[in-house]
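S.K.: I would like the atomic coordinates for the input below:
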Amino acid sequence: MEKLSDTLGVDHIIYKARFDMMRTVFNASARGDQIYPVSALGRASNICTSCMGLAKSLALRICIEKNIPMTAFGWTPGQVPLASGIFKSNPQMIRKMQDISAGPLRRLAGEDSVRPFFLEEEHYQQPERFPYNISPLAFMEYDETKVYSYVESLGWVRPKDTDPNSTNCLLNSYAIEVHVAQSHFHPYVAELAGLVREGRMGREEALERISTPSNEKVVNYVTTRLGLKDQESEPAYPTITNP
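M.R.: The predicted structure follows:
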């Protein structure tokens, strides 16, 4: 993110949640409790749904507070329908959406911990500041090989320690393992099937992605960091692949 923002000459703001709060959320999300509607599990694991609920809401809050007119998301065509590629958010819609994601997170981590990530009444009273949500990959050409080639030309180097379905998240391998164990199917099946049906990915590549085993070193590191394994000291993994 730093390399690309420097190359493109854009501002780069990082918001980092408290690790103890995130650990509580992730561990609760991994227990298999009925946290979100069953329909949500068809497109993402509980862990990913919790993480993205916080990230999307925080982005919206920043837009409203700083009067930013649009929010862009990198959902692939398999993750978001074309009809949702561009839409104007509004208080009524967002209030319902946030009730679904904020409610479980408040119960898991506590009201004070998650309040900074979600909208408060003062935000809902400013409907003119609600931004457009734009998912450009839903309606633009989508070829992952070209995408990777372009961002590499800007200085990005793909990490070697993530699973085939992620380029930035160590937690994803563990989230996939948990989802498969609980729900008995891979959480990326729906997305990949959509890409295959639209001719944006070959069937063999999609099958390879959902059949590639997890990197156990990464999973062990994550479970140790989450306090799910006894270990006397911090694990040495991961190494920094993109200094």
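S.K.: going forward, measure contacts between C-alpha atoms and count neighbours the same way
M.R.: Will do.
S.K.: what helix or strand does the most centrally placed residue in the chain sit in?
M.R.: When the chain is reduced to its mean C-alpha position, the nearest residue by C-alpha atoms, centre = their mean turns out to be Met52, at 4.3 Å. Here Met52 sits within helix 46-66, counting by DSSP states H and E.
S.K.: buried stuff in that helix?
M.R.: Using 16 or more other C-alpha atoms under 10 Å as the test for burial, helix 46-66 gives 46-51, 53-55, 57-61, 63-64.
S.K.: from the chain's centre, how far out does that helix sit?
M.R.: 9 Å (C-alpha atoms, centre = their mean, to the nearest Å).
S.K.: what sits against Thr162?
M.R.: Contact analysis of Thr162 by C-alpha atoms under 8 Å, 6 or more residues apart in numbering lists 168-170, 172-173, 215, 218.
S.K.: can you do 7 Å?
M.R.: 168-170 (C-alpha atoms under 7 Å, 6 or more residues apart in numbering).
S.K.: now swap in Ala175 and tell me
M.R.: 45, 47.
S.K.: rerun at 8 Å
M.R.: Contacts of Ala175 by C-alpha under 8 Å, 6+ apart are 30, 45-48.
S.K.: try Arg23
M.R.: Arg23 touches Leu226, counting by C-alpha under 8 Å, 6+ apart.
S.K.: again, only this time at 10 Å
M.R.: 29, 109, 225-227 (C-alpha atoms under 10 Å, 6 or more residues apart in numbering).
S.K.: now the nearest residue to Pro77 once chain neighbours are set aside: how far from Tyr148?
M.R.: Closest residue to Pro77 apart from its sequence neighbours, by C-alpha to C-alpha, 6 or more residues apart in numbering: Ala138 at 4.5 Å. Shown here: Ala138 relative to Tyr148, a distance of 17 Å by C-alpha to C-alpha, to the nearest Å.
S.K.: who has more neighbours out of the two?
M.R.: Ala138 (22 against 13; other C-alpha atoms under 10 Å).
S.K.: look up phi and psi at that one.
M.R.: Taking degrees, to the nearest 10, you get phi -70, psi -30 for the backbone angles of Ala138.
S.K.: I'd say it and Ala72 touch.
M.R.: No - the pair Ala138 and Ala72 fails to qualify as a contact (C-alpha atoms under 10 Å) at a distance of 11.2 Å.
S.K.: quick one, strands of this structure?
M.R.: Along the chain, the segments classed as strands by DSSP state E run 70-72, 86-88, 132-134.
S.K.: now render the ones you listed as CSV, adding mean pLDDT.
M.R.: What follows is these, written out as CSV (pLDDT from 0 to 100):
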stretch, mean pLDDT
strand 70-72, 94
strand 86-88, 94
strand 132-134, 95
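S.K.: closest one to Ser5 among the ones you listed?
M.R.: strand 70-72 (14.9 Å; C-alpha to C-alpha).
S.K.: mind listing what's buried along that closest one?
M.R.: For strand 70-72, using 16+ other C-alpha under 10 Å, the buried residues are 70-71.
S.K.: which neighbouring elements make contact with that strand?
M.R.: helix 46-66, strand 86-88, strand 132-134 (3 or more C-alpha pairs under 10 Å, 6 or more residues apart in numbering; DSSP states H and E).
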